[in-house]
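Novice: Starting from these lines, generate the structure:
(one chain, ligands or ions: 1)
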Amino acid sequence: MDDIAAKSVLVTGSANGIGRASALAFARHGARVAVTDLDETGAAAVAAEIVRSGGKACAHRLDVTDAASTKAVFEAAARAHGPVAIVHANAGVSSMKAAVDLTETDWDFNFDVNAKGVFLTNTAAVRHFRTHGVKGTIVNTASLAAKRGAPFLAHYAASKFAVLGWTQSLALEVAGEGIRVNAVCPGFVATPMQDREVVWEAELTGLTPDAVRRSYVAMTPLGRLETPEDVADVVVFLASDGARFMTGQGVNVTGGVFMQ
Ligand SMILES: NC(=O)c1ccc[n+]([C@@H]2O[C@H](COP(=O)([O-])OP(=O)(O)OC[C@H]3O[C@@H](n4cnc5c(N)ncnc54)[C@H](O)[C@@H]3O)[C@@H](O)[C@H]2O)c1
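Specialist: Okay, here's the model as predicted:
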């Protein structure tokens with residue numbers, strides 16, 4: 001994956017979890033990474049971690065639900081590292097509730113970040129690629145819940161199914177320009193999001209948070225919780241020339257939980 005070296009990469013939601021691991025993985029491959037997140041302090045800490053280990057990184061506050069700041073952050077990243085060529089649209093949120101108890105607020109919270117955030121990040125990316133004449137590539141973070149529904153996650157799953165529909169359609173539109181658009185579909189990943197979800201699921205099911213975690217492992221053929229790095233390595237591959245003939249894919253990274 002030598003082609004990643006020195007490329008300008010932008011990762012959304014990279015102060016924590018999968019996005020953080022992706023930013024660190026791109027930096028290990030020699031890329032210059034714009035670490036962006038709603039959590040500005042967390043983004044700065046990840047960028048500092050990259051710089052301390054000899055890599056190149058800058059940090060920017062970015063709310064992916066805000067079109068103007070999404071556009072601005074691409075310009076800022078380009079000023080720091082050159083035109084952005086790789087985008088990992090990863091920022092996401094979740095909440096858990098029985099479907100019939102969901103409020104419009106629950107629905108909008110999940111759709112605003114997970115679906116609209118990907119739409120805004122991807123369209124800003126394609127416009128940026130065109131302005132700078134870059135044959136860029138985009139990787140979106142979808143989910144196992146983009147392939148099959150899950151109890152208490154109807155709104156989240158709907159927002160992640162939307163990500164795959166968007167990924168396939170955009171991939172078809174921009175393929176002729178040499179721009180690739182793919183998605184990763186992670187399973188049960190040990191991140192701060194999972195820490196929140198096991199508590200909610202425990203409240204909804206009467207299990208303990210530990211028992212919920214054990215149930216995730218029991219559902220995973222490879223027999224352990226997924227790590228953020230398990231996902232990040234696939235993201236880097238999809239962004240690399242090794243994946244040059246892949247576009248419009250939703251690649252399962254679930255330890256075998258889902259196989260279609
Ligand atoms: N953890 C899992 O099991 C799992 C499984 C499948 C998919 N995913 C997806 O992976 C992605 C990352 O999840 P994670 O588990 O690392 O979550 P996380 O909560 O650990 O990290 C998500 C990051 O996104 C940031 N963020 C939230 N709203 C934002 C916004 N409006 N603008 C910019 N940044 C924002 C948060 O500040 C946080 O740093 C999400 O899209 C999530 O839906 C997670």
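
Novice: what residues does this protein put near the ligand?
Specialist: Proximity of the chain to the ligand, by C-beta under 6 Å from any ligand atom, involves residues 12-13, 15-19, 37-39, 42, 62-65, 90-94, 113, 117, 141, 143-144, 186, 188-189, 191-194. From N, CA and C alone the C-beta is placed, and that goes for glycine too.

Novice: Just the ones of those in helices?
Specialist: Gly17, Ile18, Gly19, Gly42, Gly117, Pro192, Met193, Gln194 (DSSP state H).

Novice: OK, contacts around the nearest residue to Ala211 once chain neighbours are set aside?
Specialist: Leaving aside its chain neighbours, Ala211 sits nearest to Ala202 (7.4 Å; criterion: C-beta to C-beta, 6 or more residues apart in numbering). For Ala202, the contacting residues are Thr208, Pro209, Ala211, Val212, by C-beta atoms under 8 Å, 6 or more residues apart in numbering.

Novice: what's the farthest-apart pair in the ones in helices among the residues of the chain next to the ligand?
Specialist: Gly117 and Gln194 (19.5 Å; C-beta to C-beta).

Novice: returning to that earlier point: looking at the contacts of Ala202, which is nearest Gly178?
Specialist: Closest to Gly178, out of all of the contacts of Ala202 and judged by C-beta to C-beta, is Val212, at 43.9 Å.

Novice: Give the PyMOL command for selecting the buried subset of the ones in helices among the residues of the chain next to the ligand.
Specialist: With 16 or more other C-beta atoms under 10 Å as the criterion, this PyMOL line picks the buried residues out of these:
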select buried, resi 17+18+19+42+117+193+194
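
Novice: Tabulate the ones in helices among the residues of the chain next to the ligand (JSON lines), appending pLDDT.
Specialist: Listed next are these as JSON lines, based on pLDDT from 0 to 100:
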{"residue": "Gly17", "pLDDT": "98"}
{"residue": "Ile18", "pLDDT": "99"}
{"residue": "Gly19", "pLDDT": "99"}
{"residue": "Gly42", "pLDDT": "98"}
{"residue": "Gly117", "pLDDT": "98"}
{"residue": "Pro192", "pLDDT": "98"}
{"residue": "Met193", "pLDDT": "98"}
{"residue": "Gln194", "pLDDT": "98"}
